[in-house]
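*Asks:* Just the structure for this:
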Amino acid sequence: MTYLRIAKKTGLVLASTLLLAACSKDQLVGNGLRAYTIEHALPVILKTDDVTMICHANDGFTPIVKAFTKFNVETDMMLAFGLAGSSICTENQAIEKELWSSLSEKQGWTDIAIDARIAQQLLNKDAARKYLNAYNHTTSYFKKQYRYEFGEGTCPKFKQEVEELLFFVGSISALQAINNDVASGRLINVDMEIFPKVAHAMDCLDNQKWWGFPESLRAALTIILPESPEAETKAWQALQENANRGLQHGMRIGYATYAAIASIKGRDDHLRMALKGFETANNDKINRDYLLLDTIAEKQVRHLANRFWMRLEGRRAPTEGYSQFLDEKRQPDKSLDGMLDDI
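*Replies:* Just a heads-up that it's a prediction; the model follows:
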């Protein structure tokens, strides 16, 4: 019996040694970094409104994360979040070049307009590449963890809420990749079949929990590729309803989606309504747990407003009141009633 006990203990020690040897120090560090990032850093990041800081942090952090892939550390989730975050500033730079190009063209500065347009296309190419990689890491994660092909088959049974957030961010990244690629003149040539796949994948997210975004995305697909005028009309209504649903939970992402689709379709009437809905929302009721996502949506809406104002007025939108258009009849301010009676 004594020999048997010694043999068992020796076997356990040997097994433990082999197990520890299999997990290199690099893998242990990588797994620790992953756990810290997802469990502690991410919730704090989501509560910030400093988009530029998040962009630059991801620019530096993402290559470090990628280095741990060769040590069998699960990096797809962190890389998807990191690349999506890094893409935002690149996209912002592209839109600034677009505005400069439009303004230069209006002023008759042809060479400057052409130069700015080329710079805009190249920046959109970079943004599309990053967004596409974020989407690819998202699909890779769910394929490895759940054997789920994005937009096909049975939905994965999420074990953590952060996986739902990844699903959400990855889906947005796919749409942004398409949008930026089109703006670049198709320099990346992103597969347009991604859009219907992502729309189908929205069945896996709870519409109420995720601020009406899943139904908004399905409605967007119907509007872009309508089966009939009636279907398109209902889809516009669905966009409006889900934008309002998001507001009830303190998120304006639905109005950003509404504005983006209206801009793509050239529907100025809907674009005006979307901009008004976004700007008039009560800032005090914004969901502070996801402030970063709302701030990103706010920047995207301002970009759309800038384009609209540049087209109508020849300059970007004002700092405030960007949904109050100069060609609309203004209602008199009731607070001024009677002020001149005694003069």
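*Asks:* At which residues are the strands of this protein located?
*Replies:* Ranges of strands in the chain, per DSSP state E: none exist.
*Asks:* so where's it shaky on pLDDT?
*Replies:* Applying pLDDT under 70 to the chain flags the ranges 1-23, 329-343.
*Asks:* how does it look with 50?
*Replies:* Scanning the chain for pLDDT under 50 picks out 6-7, 10, 12-21, 333, 335-336, 339-340.
*Asks:* Skipping its backbone neighbours, what lies nearest the residue nearest to the spatial centre of it in space?
*Replies:* The centroid of the chain falls nearest to Ile172 when counting by Cα atoms, centre = their mean (4.5 Å). Residue nearest to Ile172 in three dimensions, not counting chain neighbours: Ala84, with 7.4 Å by Cβ to Cβ, 6 or more residues apart in numbering. For glycine as for every other residue, the C-beta is placed from the backbone atoms N, C-alpha and C.
*Asks:* give the contact list for that neighbour.
*Replies:* With contact taken as Cβ atoms under 8 Å, 6 or more residues apart in numbering, Ala84 is in contact with 130-131, 134, 169-170, 172-173.
*Asks:* wait, doesn't Ile224 sit right on Lys265?
*Replies:* Yes: under the criterion of Cβ atoms under 8 Å, Ile224 makes contact with Lys265 at 7.2 Å.
*Asks:* Looking at the contacts of Ala84, state which has the most neighbours.
*Replies:* Neighbour counts for the contacts of Ala84 peak at Tyr131, which has 30 neighbours (criterion: other Cβ atoms under 10 Å).
*Asks:* ok, that residue to Ile172 distance?
*Replies:* 9 Å (Cβ to Cβ, to the nearest Å).
*Asks:* can you check Asp181 too?
*Replies:* Relative to Ile172, and taking Cβ to Cβ, Asp181 is found at 15 Å.
*Asks:* And for Ile95?
*Replies:* 17 Å.
*Asks:* now swap in Glu232 and tell me
*Replies:* Look at Glu232 and Ile172: by Cβ to Cβ, they are 23 Å apart.
*Asks:* same deal with Thr295?
*Replies:* Going from Thr295 to Ile172 by Cβ to Cβ gives 14 Å.
*Asks:* Kindly report the same for Pro318.
*Replies:* As judged by Cβ to Cβ, Pro318 and Ile172 stand 28 Å apart.
*Asks:* Could you do Asp327 as well?
*Replies:* Distance from Asp327 to Ile172, counting by Cβ to Cβ: 32 Å.
*Asks:* and what of Asn283?
*Replies:* 22 Å.
*Asks:* next one: Gly246
*Replies:* Separation of Gly246 from Ile172 (Cβ to Cβ) stands at 14 Å.
*Asks:* Then Arg117?
*Replies:* Arg117 sits 26 Å away from Ile172, going by Cβ to Cβ.
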